[in-house]
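Peer 1: Sequence unavailable; structure follows:
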């Protein structure tokens, strides 16, 4: 969700890649639904792991869980990149029916959007 949000705000002005601790066959359908609510289509995204990254020349790595943060620090060791940690609840661990679970994904999505805006600022336009 974070990569989709960042791409939607900055487009081609920044290179964004996304990975997790484990690769997956498809993106979480609740994440797709939560992003669709704000007009972003992430259905074609394919979850990848750190090992699947094609590049290691990142300026910034943002991790969302303690385990991912540890892995990101290992990944960045000896490289000129900043690693930051944005503690984020894992919405896949939520209980309840569809609406209760989707609410957790919305909270994560909205929290990530606030953090992106706070950290990166709002994109400017020519003359804006």
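Peer 2: Yep, that arrived. Quick caveat: nothing in here was measured; it's all calculated off a predicted structure.
Peer 1: correct me, but residue 32 touches residue 47?
Peer 2: No: counting by CB atoms under 8 Å, residue 32 does not reach residue 47; the two are 12.0 Å apart. The way it works is simple: take the backbone N, C-alpha and C, and place the C-beta from them, glycine included.
Peer 1: biggest helix in the protein by residues?
Peer 2: With secondary structure taken from DSSP state H, the chain has its longest helix at helix 98-120.
Peer 1: in this protein, what spans have low per-residue confidence?
Peer 2: Within the chain, the ranges that satisfy pLDDT under 70 run 124-128.
Peer 1: Tell me where this protein has strands.
Peer 2: Counting by DSSP state E, residue ranges of the strands within the chain are 60-63, 82-85.
Peer 1: Give the partner strands of the first one in its sheet and their orientations.
Peer 2: Take DSSP bridges as the rule and strand 60-63 pairs in its sheet with strand 82-85 (parallel).
Peer 1: quick one: buried residues of the strand it pairs with?
Peer 2: Using 16 or more other CB atoms under 10 Å as the test for burial, strand 82-85 gives 83, 85.
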